[in-house]
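Novice: below is the sequence, then the predicted model.
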Amino acid sequence: MNIKPLGARVVIKALEKEERTKSGILLPDTAKEKPQQGKVVAVGPGRTLESGSKVELEVKEGDTVIFSKYAGTEVKIDGEEYIILDGERDILAIVQG
Amino acid sequence: MNIKPLGARVVIKALEKEERTKSGILLPDTAKEKPQQGKVVAVGPGRTLESGSKVELEVKEGDTVIFSKYAGTEVKIDGEEYIILDGERDILAIVQG
Amino acid sequence: MNIKPLGARVVIKALEKEERTKSGILLPDTAKEKPQQGKVVAVGPGRTLESGSKVELEVKEGDTVIFSKYAGTEVKIDGEEYIILDGERDILAIVQG
Amino acid sequence: MNIKPLGARVVIKALEKEERTKSGILLPDTAKEKPQQGKVVAVGPGRTLESGSKVELEVKEGDTVIFSKYAGTEVKIDGEEYIILDGERDILAIVQG
Amino acid sequence: MNIKPLGARVVIKALEKEERTKSGILLPDTAKEKPQQGKVVAVGPGRTLESGSKVELEVKEGDTVIFSKYAGTEVKIDGEEYIILDGERDILAIVQG
Amino acid sequence: MNIKPLGARVVIKALEKEERTKSGILLPDTAKEKPQQGKVVAVGPGRTLESGSKVELEVKEGDTVIFSKYAGTEVKIDGEEYIILDGERDILAIVQG
Amino acid sequence: MNIKPLGARVVIKALEKEERTKSGILLPDTAKEKPQQGKVVAVGPGRTLESGSKVELEVKEGDTVIFSKYAGTEVKIDGEEYIILDGERDILAIVQG
């Protein structure tokens, strides 16, 4: 992965619907604020606190996460689409197991 | 439960109306900002303060809570519907006993 | 009372007009932002400061208070109506004696 | 006075126009944001800082003050009208002597 | 001067156009956000910081200042008009010499 | 220069177009948010931090700067026009050499 | 480069489409919030924290970055167009290798 997100930003590879069903979590197509599942591919160093230290993000590379569908910015890297979003505001939860 | 909420987020299983009546608390159907009752199924690590430490949430797994009905994001996990919301802003109170 | 408010929230039992008159304080029916009188029935642990400690609320169970009428969320507990509101923002004063 | 304001709130008894003229200060009837004169009858403990300590208000019981006319909430106590307002934001100055 | 401003507030006596020209500074009549010149007649103790200490204002009694024309509240004291404004936000500069 | 800006304010003398071209920097006439070049003629003591100390401005008297054209307030001093603006928010860069 | 950005500002030279394709990252032309690629040509000293110290920017001269297309202010220096933007808010990621 040749992209390094800044601050609290995280790069996500969105999962297709079929992949999502396998993990047992299904996100409704009709929800007003549609969440989506994806895989974390790169994580920024975190937000800087007033003290000058950084808040490490709670997600790491390889995590499967639920995020707000309309959040973030889409980019195409080597032919594949990714989403850059705010790892604190836009990621809701990690899907385990 | 194979989902781990981030930050101050909490995963809630909304209670059906019949279940609510049993606990002696009834939430009006006509209220403008409709609150709802639910059971806490997962709790995030809490909001990060400027000092870098976290504020533990006041709710824990298994608590029955009153929350703002239109708050949060709906997700379907293993066929069941859950709501992910902000445990500090959207949960109003714990129903005891 | 089987309800425990979170954060700076307070549970209030609104007083009927007749009850209000007895305490010598009458709130006008025509005011644009109508305040109301009520009795405090439950008090949360308080708002969390950036230092991590909490600000105890200035009201306690049993206090008669003046609060903003349109603030808060109505709930019905064991057949009686209560209001859950923000004890710092929505309660204006304690009525004494 | 059987009312105790919370936080930085202050209870004011508005002065009639005739009373105002005596103090030598006259507030225009035509100003867009009309200020008004009044007497402080009760003072809250003050706003809580992030450090947890309180900022004492700069006014005290008995002070004659200039405040923003449309600020605050009107209440009637024992047949007399009072105004509860924010002592830091809504009171502009103390009229001396 | 029998008026004591609170917080960061400052009482200003606006200067007439003729007086302004003498100091060599002329403020345009056509500017969208019209600034105005005036003399400081009273100064509040300053804004309270989160640490609890106050920020002393950079102006003092007798200073000639440039301020935003539409800022503040007009009051009439002993027959003369004054303006009470925010000494940090509404005063732009001190005119020297 | 007989004007002393307060806080983070800076007094700027806008440069004419011909002067700007000499420095090799040309600002487009068609840009939506038009920036402009100017010379710093006076600098305030800086913004006050919550700690009570001040943030010195990054510009000094004599610097040529790029600033947002529609920012600030125009004043006429001794027949010449100047602009008073916020030295942290409205000045984008210093033009060197 | 004879321009020195202030605070957290960064000067960017936008890359043409052909140049972008070489790095393997392609930004869609149809995206609602169009990101863009560019080269960092100058970096400010960073944002000042409440403690008075500065947060160094995560980008340095020569970095290829992805930034929000509509962010910032365009300037023309020695005949070439540059963009001055907020290095913390408007730059999303660094493109590596």
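Specialist: Thanks, I have the structure now.

Novice: C-alpha from now on. contacts and neighbour counts both.
Specialist: Fine.

Novice: three-state assignment of the residue of chain A positioned farthest from its centre?
Specialist: Distance to the chain centre peaks in chain A at A:S51, reaching 26.5 Å (criterion: CA atoms, centre = their mean). At A:S51 the chain is in coil, as set by DSSP: H, G, I helix; E, B strand; the rest coil.

Novice: what sits against it?
Specialist: B:50-51, G:49, G:51 (CA atoms under 8 Å, 6 or more residues apart in numbering or on different chains).

Novice: pull the most distant pair out of these.
Specialist: B:S51 and G:L49 (13.4 Å; CA to CA).

Novice: follow-up on the earlier one: from G:S53, how far off is the residue farthest from the centre of chain A?
Specialist: Using CA to CA, to the nearest Å, A:S51 is found at 9 Å from G:S53.

Novice: for A:G46, same thing?
Specialist: For A:G46, the distance to G:S53 - CA to CA - is 18 Å.

Novice: residue boundaries of the strands in chain A?
Specialist: For chain A, the strands defined by DSSP state E cover A:3-5, A:9-14, A:25-26, A:35-43, A:47-48, A:54-55, A:64-68, A:73-77, A:80-86, A:91-95.

Novice: export the ones you listed to JSON lines and tack on mean neighbour count?
Specialist: Below are these laid out as JSON lines (neighbours: other CA atoms under 10 Å in any protein chain shown):
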{"stretch": "strand A:3-5", "mean neighbour count": "22"}
{"stretch": "strand A:9-14", "mean neighbour count": "25"}
{"stretch": "strand A:25-26", "mean neighbour count": "22"}
{"stretch": "strand A:35-43", "mean neighbour count": "23"}
{"stretch": "strand A:47-48", "mean neighbour count": "18"}
{"stretch": "strand A:54-55", "mean neighbour count": "18"}
{"stretch": "strand A:64-68", "mean neighbour count": "23"}
{"stretch": "strand A:73-77", "mean neighbour count": "19"}
{"stretch": "strand A:80-86", "mean neighbour count": "20"}
{"stretch": "strand A:91-95", "mean neighbour count": "24"}
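
Novice: which one of the ones you listed lies nearest to chain E?
Specialist: strand A:47-48 (20.4 Å; CA to the nearest CA).

Novice: sheet-wise, list the partners of that closest one with their directions.
Specialist: strand A:54-55 (antiparallel) (DSSP bridges).

Novice: which residues does the partner strand contact?
Specialist: By CA under 8 Å, 6+ apart, strand A:54-55 touches A:45-49, B:48, B:52.

Novice: which residues does the closest residue to chain E within chain A contact?
Specialist: For chain A, the residue closest to chain E is A:E50, as judged by CA to the nearest CA, at 14.0 Å. Contacts for A:E50 (CA under 8 Å, 6+ apart) come out as B:50, G:49-51.

Novice: quickly list what A:V55 is bridged to.
Specialist: A:R47.

Novice: so, low pLDDT: which residues of chain A?
Specialist: A:1, A:17-34 (pLDDT under 70).

Novice: how about it: which residue is closest to chain F?
Specialist: A:E50 (11.2 Å).

Novice: separation between that residue and D:E80?
Specialist: As judged by CA to CA, A:E50 and D:E80 stand 49 Å apart.

Novice: thinking A:Y82 is in contact with A:V75, fair?
Specialist: Yes: A:Y82 lies in contact with A:V75 (CA atoms under 8 Å); the separation is 5.3 Å.

Novice: center of chain A - which residue?
Specialist: Nearest to chain A centroid, counting by CA atoms, centre = their mean: A:I12, 4.3 Å.

Novice: pretty sure that residue sits against A:I83.
Specialist: Yes: A:I12 is within contact range of A:I83, at 5.1 Å (criterion: CA under 8 Å).

Novice: return the backbone torsion pair for the residue of chain A found nearest chain C.
Specialist: Nearest residue of chain A to chain C, counting by CA to the nearest CA: A:E50, 11.3 Å away. Here is the backbone geometry of A:E50 (degrees, to the nearest 10): phi -60, psi -20.

Novice: same question, A:G52
Specialist: phi 100, psi -20.

Novice: wait, what's in contact with it?
Specialist: G:49, G:53, G:55.

Novice: then A:V41?
Specialist: A:1, A:10-13, A:61-62.

Novice: try A:V95
Specialist: A:23, A:63-66, B:2-4.

Novice: save the residues you listed as JSON lines, and put in distance to F:D90 too.
Specialist: Formatted as JSON lines, the entries for the contacts of A:V95 read as follows, by distance: CA to CA, whole Å:
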{"residue": "A:S23", "distance to F:D90": "50"}
{"residue": "A:D63", "distance to F:D90": "42"}
{"residue": "A:T64", "distance to F:D90": "42"}
{"residue": "A:V65", "distance to F:D90": "40"}
{"residue": "A:I66", "distance to F:D90": "39"}
{"residue": "B:N2", "distance to F:D90": "49"}
{"residue": "B:I3", "distance to F:D90": "46"}
{"residue": "B:K4", "distance to F:D90": "43"}
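
Novice: could you dump those residues into JSON lines with distance to chain F added?
Specialist: What follows is the contacts of A:V95, written out as JSON lines (distance: CA to the nearest CA, whole Å):
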{"residue": "A:S23", "distance to chain F": "48"}
{"residue": "A:D63", "distance to chain F": "39"}
{"residue": "A:T64", "distance to chain F": "40"}
{"residue": "A:V65", "distance to chain F": "37"}
{"residue": "A:I66", "distance to chain F": "37"}
{"residue": "B:N2", "distance to chain F": "44"}
{"residue": "B:I3", "distance to chain F": "40"}
{"residue": "B:K4", "distance to chain F": "37"}
